[in-house]
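A.B. asks: Generate a structure from the sequence data that follows.
(one chain, ligands or ions: 1)
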Amino acid sequence: MSESLGVAVIGAGMAGKAHAAAYRAASTFYRPTLPEARLVSIGDVNPEFGQAAAKRFGYERHDASWQAIAEADDIDVVSVVIANSLHREVVEGLLAAGKHVLCEKPLSDSLADARAMAEAARAAEARGNLARIGFTYRRAPGIAAIRELIQNGTLGRPLHFSGRYWTDYGCSPSAPMSWRYKGGPGSGALADVGSHMTYIGEFLCGEIQTVSGGQLSTAIGKRPLPLGAVMGHDHAAVSDAFEAVENDDVAAFSAEFADCIGSIEVSRVAAGHANSLMFEVFCENGAATFDQRRPAEIGLFLSEVASAQNGYRQVILGPEHPYIAGGLPMDAPSVGFGQNEAFAYQARAFLEEVAGIPESESLPRCATFEEGVRNMEVLAAVTESALNNGKKVSL
Ligand SMILES: NC(=O)c1ccc[n+]([C@@H]2O[C@H](COP(=O)([O-])OP(=O)(O)OC[C@H]3O[C@@H](n4cnc5c(N)ncnc54)[C@H](O)[C@@H]3O)[C@@H](O)[C@H]2O)c1
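C.D. replies: Numbers count the residues shown, from 1 in each chain. Model prediction:
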């Protein structure tokens, strides 16, 4: 095992900062088994963003190109946190340079590129370099807890899944044009937040066999160009020039999972729902519900309780649930936590795998590029369904 790992993050935007902070925190969890993580560089074509993030999160330097990071001898591990259409070029370049790569979701903006990336990952892995994808929500303690309740028989087999991921970053017509509004059908809300919800659906209910009733809708057809660089969902100052929105603001579909049927609805124009990832899963012994707005609790209904006293109970997550014991500086019940911790668990899991720490002593491994391709195959099937009047598409 190497004595230290040099870390870089490419992309200093909304999620890039979460990765940058996560590598900083990763070694502070659980036991001190990780090699030292040297925080080396933040790479961003916008030097202002790169410099600010490097300073804020304590990285040694910032670089203005991914090539500089690929060529740097003091960097071993790189997160790729930039627009989906850029993932392939950067990930393949980093893997060819011998780096271990953690790529953001969705794997790419096209299935063909995603499959090529998985091929490059297989070749890199044969040379000893890892390529993984960050489906952050598998690290949410509440979602992991519900999965355990399904798998250990407490809830038992899922019968019906209903998932919604409503966001509002595009609900204002004056929200500036950005990379998120460009690309073919299905590359909008479906790829952006539908990738998460679809992954969670399969995480809990098994592989999707068919999708049907696909719908994609562009609710706001044009957006003003920003006057400067825009980070994440920021509402920056805009000009009076507009460009057409190319992809979906709202998407919905039904799915046949391995274990049950379900439906998923996602949006980026859901006013009042900045980041509402919510689902309910109904199982043979009860039901569970999760809402990202209250990430430190789950709702649980168990059918075994006498019906006169029964109902959904609020279960506050604590050290008896996944990730929490040792995974928070103060890991007492009811301390509260949220989405940023999930990035830190993800960084920890990736560093553990890179460092060669056995899986039995690690957090659950990060998802593979094959899983990233699988996720995109489901999204492509939804798009095919939507483009064909909702027809049923098999996977
Ligand atoms: N897991 C999650 O919860 C989560 C949340 C948000 C975004 N994401 C994913 O993270 C990725 C980035 O999203 P974001 O919201 O952070 O985007 P963003 O627009 O906020 O940031 C992207 C950054 O990349 C920089 N950039 C552009 N081209 C570059 C290049 N060639 N080399 C280096 N830097 C470049 C931009 O200057 C910008 O700072 C996407 O794949 C997105 O799907 C994941």
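A.B. asks: is it true that Val101 lies in a strand?
C.D. replies: Yes. Assignment of Val101 by DSSP: H, G, I helix; E, B strand; the rest coil places it within a strand.
A.B. asks: Distance check, it against Met117.
C.D. replies: Using Cβ to Cβ, to the nearest Å, Val101 is found at 9 Å from Met117. C-beta: built from backbone N, CA, C; applies to glycine.
A.B. asks: got it, and Gly128?
C.D. replies: As judged by Cβ to Cβ, Gly128 and Met117 stand 18 Å apart.
A.B. asks: correct me, but Ser187 touches Asn247?
C.D. replies: Yes. Contact status for Ser187 versus Asn247: in contact at 4.6 Å, counting by Cβ atoms under 8 Å.
A.B. asks: hmm, back to that, looking at Gly128 and Met117, which has the bigger crowd around it?
C.D. replies: Taking neighbours as other Cβ atoms under 10 Å, Gly128 and Met117 compare with Met117 leading, 25 against 9.
A.B. asks: Which positions within the helix or strand where the more buried one lies qualify as buried?
C.D. replies: Using DSSP states H and E, Met117 sits in helix 111-126. The neighbour-count check on helix 111-126 (16 or more other Cβ atoms under 10 Å) flags Leu111, Asp113, Ala114, Arg115, Ala116, Met117, Ala118, Ala120, Ala121, Ala124 as buried.
A.B. asks: what do you get for stretch 199-211?
C.D. replies: Neighbour-count burial for stretch 199-211 [16+ other Cβ under 10 Å]: Tyr199, Ile200, Gly201, Glu202, Phe203, Leu204, Cys205, Ile208, Val211.
A.B. asks: now stretch 172-190
C.D. replies: Going by neighbour count (16+ other Cβ under 10 Å), the buried part of stretch 172-190 is 175-178, 180-183, 185-190.
A.B. asks: wait, does whichever strand or helix holds Met376 make contact with the ligand?
C.D. replies: Counting by DSSP H and E, the element that carries Met376 is helix 369-387. No. Helix 369-387 stays clear of the ligand (Cβ under 6 Å from any ligand atom), getting no nearer than 11.1 Å.
A.B. asks: Okay, now the sheet partners of the next helix or strand after that helix, with direction.
C.D. replies: Once helix 369-387 ends, the next helix or strand along the chain (criterion: DSSP H and E) is strand 393-394. Paired strands of strand 393-394, with direction, are strand 208-217 (antiparallel) (DSSP bridges).
A.B. asks: Show me what the next helix or strand after the strand it pairs with is packed against.
C.D. replies: Next along the chain after strand 208-217, taking DSSP H and E as the criterion, comes strand 222-226. Applying 3 or more Cβ pairs under 8 Å, 6 or more residues apart in numbering; DSSP states H and E, one finds that strand 222-226 makes contact with strand 238-244.
A.B. asks: So in that sheet, which strands flank the strand it packs on, and in what orientation?
C.D. replies: Counting by DSSP bridges, the strands paired with strand 238-244 are strand 222-226 (antiparallel).
A.B. asks: Briefly note if the strand it pairs with comes near the ligand.
C.D. replies: No. Using Cβ under 6 Å from any ligand atom, strand 222-226 stays clear of the ligand, coming no nearer than 11.1 Å.
A.B. asks: All set, thanks.
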